[in-house]
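In: Take a look and give me a structure for this.
(one chain, ligands or ions: 1)
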Amino acid sequence: MYVVTRIILECKSCYRAYCTMVIMNKDYVNTIKELSGSNVYIKDKKKVNEIINELVQAGINKLQIVLDFDKTVTKQHVNGVKQYSSFGIFEKCPSLPASYLAAVTHLNEKYMPIEFNPGIPRAEKQKHMEDWWRLSEETLIGLTVSQLEIEEVVKNIQPPLRDGCSEFFNNATKENVPILIFSAGLGQTVMSVLKYHGILSENVKVVANFLKYDENGVIQGFRDNIIINVFNKNESVLSGTEYYQTIKDRTNAIVAGDSLGDASMFDCVANKQSILKIGFLYDHMEENLSAYMDTFDIVLADDQTMNVPHAIFKCIT
Ligand SMILES: [Mg+2]
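Out: The predicted structure follows:
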């Protein structure tokens with residue numbers, strides 16, 4: 001009797017192990033049709049399969065979505081025409097004085113080549129980026145551009161979201177999955193664009209550089225004394241915030257961005273487990289592909305849609 005019981009138990013145990021193995025071995029990379037495009041680059045397919053399997057098995061309650069904003073939620077280009085960034089949209093506000101625009105142009109001409117110069121070490125770049133954002137903040141102080149004016153400019157420009165972005169956000173809202181938009185851009189513009197497209201739902205949280213106003217509507221600089229730049233989008237900005245507390249049990253994430261620094265946006269979560277990093281590559285594709293493939297699990301070259309993150313999300317729901 002003991003032997004029979006033991007055989008049954010062992011068989012059950014083997015069957016469970018077999019089932020687990022079958023689930024573990026599901027080949028998402030080759031079955032998700034959105035990953036079959038010639039513009040999809042994956043350095044380690046086995047690793048990507050393992051991560052997607054982990055995300056699926058842990059389930060929707062363990063998941064959060066972390067997205068950069070400029071050129072990630074919005075398109076990188078439309079028919080070859082590059083799209084406005086959140087600061088670029090702000091610069092279209094009609095009440096801005098010419099002196100502000102001249103100062104911004106001067107700063108962009110000085111610091112943009114530094115940001116994209118591969119020969120400058122990261123630490124040195126970071127120092128320059130901090131200087132850039134601090135000087136940018138100084139140029140804003142004393143201006144009176146209102147949220148309403150920014151919203152009007154957004155209505156005129158109609159910045160396009162990636163194709164399928166609204167559906168992706170709506171599905172995440174339906175499943176109560178938090179979306180963190182983590183941006184070095186201008187918070188008020190980011191909020192206006194999301195609102196304009198009707199995707200600023202309860203589950204969407206924006207962490208960005210928000211303008212601080214005094215009681216007369218005069219800009220005092222950025223809120224919270226922390227300026228987010230492209231090199232500090234990580235724990236140094238997020239830890240300790242209220243949002244960090246609300247998402248701390250969601251240990252898995254789909255992270256997407258268009259800059260290499262975006263890949264570390266989820267590094268702030270102390271008990272993080274499974275993270276799938278998706279990179280949107282458009283500028284200087286050939287020379288940047290290798291670095292993007294080293295940094296992101298999946299690289300999408302000139303993909304102006306949210307189809308891949310959405311397809312993977314649907315596997316988890
Ligand atoms: Mg970006």
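
In: And the strands in the chain?
Out: Assigned by DSSP state E, the chain shows strands spanning 40-41, 63-67, 77-78, 81-82, 179-186, 204-209, 211-213, 219-222, 252-257, 275-281, 298-301.

In: so which of the ones you listed comes closest to the ion?
Out: strand 252-257 (5.9 Å; C-beta to the ion). Backbone N, C-alpha and C define where each C-beta goes, glycine included.

In: Met191 touches Val206, doesn't it?
Out: Yes - counting by C-beta atoms under 8 Å, Met191 does reach Val206; the two are 5.8 Å apart.

In: what's the burial count for the closest residue to Lys71 other than its chain neighbours?
Out: Distances taken as C-beta to C-beta, 6 or more residues apart in numbering place Asp258 nearest to Lys71, at 4.4 Å, with adjacent residues excluded. Using other C-beta atoms under 10 Å, Asp258 is surrounded by 21 other residues.

In: ok, now the one 3 residues further on?
Out: Neighbour count for Gly261, taken as other C-beta under 10 Å: 20.

In: My read is that it contacts Val237, right?
Out: No - if you go by C-beta under 8 Å, Gly261 and Val237 don't touch, sitting 11.8 Å apart.

In: what does the stretch 1-150 of the chain have sitting close to the ion?
Out: By C-beta under 5 Å from the ion, the residues of the stretch 1-150 of the chain that approach the ion are Asp68, Asp70, Lys71.

In: Against Asp303, how distant is Ala311?
Out: According to C-beta to C-beta, to the nearest Å, Ala311 and Asp303 sit 12 Å apart.

In: Which of the two has more residues huddled nearby?
Out: Just comparing Ala311 and Asp303: by other C-beta under 10 Å the higher neighbour count belongs to Asp303, 20 against 16.

In: In contact with the residue lying closest to that one once chain neighbours are set aside, which residues?
Out: Spatial nearest neighbour of Asp303, excluding adjacent residues (C-beta to C-beta, 6+ apart): Asn39 at 5.8 Å. Neighbouring residues of Asn39 by C-beta atoms under 8 Å, 6 or more residues apart in numbering: Leu300, Ala301, Asp302, Asp303.

In: same thing with Ile298?
Out: Taking C-beta under 8 Å, 6+ apart as the test, what Ile298 contacts is Leu35, Val40, Tyr41, Ile42, Val48, Leu276, Lys277, Ile278, Gly279, Val308.

In: could I get these as a markdown table with pLDDT and neighbour count?
Out: Formatted as a markdown table, the contacts of Ile298 follow (pLDDT from 0 to 100; neighbours: other C-beta atoms under 10 Å):
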| residue | pLDDT | neighbour count |
| --- | --- | --- |
| Leu35 | 97 | 20 |
| Val40 | 98 | 17 |
| Tyr41 | 98 | 18 |
| Ile42 | 98 | 16 |
| Val48 | 97 | 20 |
| Leu276 | 98 | 22 |
| Lys277 | 98 | 22 |
| Ile278 | 98 | 25 |
| Gly279 | 98 | 27 |
| Val308 | 98 | 21 |
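
In: which of these lies closest to Ser290?
Out: Among the contacts of Ile298, Tyr41 lies closest to Ser290 (C-beta to C-beta), at 9.6 Å.

In: doesn't Ala301 make contact with the closest one?
Out: Yes - between Tyr41 and Ala301 there is a contact at 6.6 Å, judged by C-beta under 8 Å.

In: so what sits against both of the two?
Out: With C-beta under 8 Å, 6+ apart as the test, Tyr41 and Ala301 both reach Leu289.
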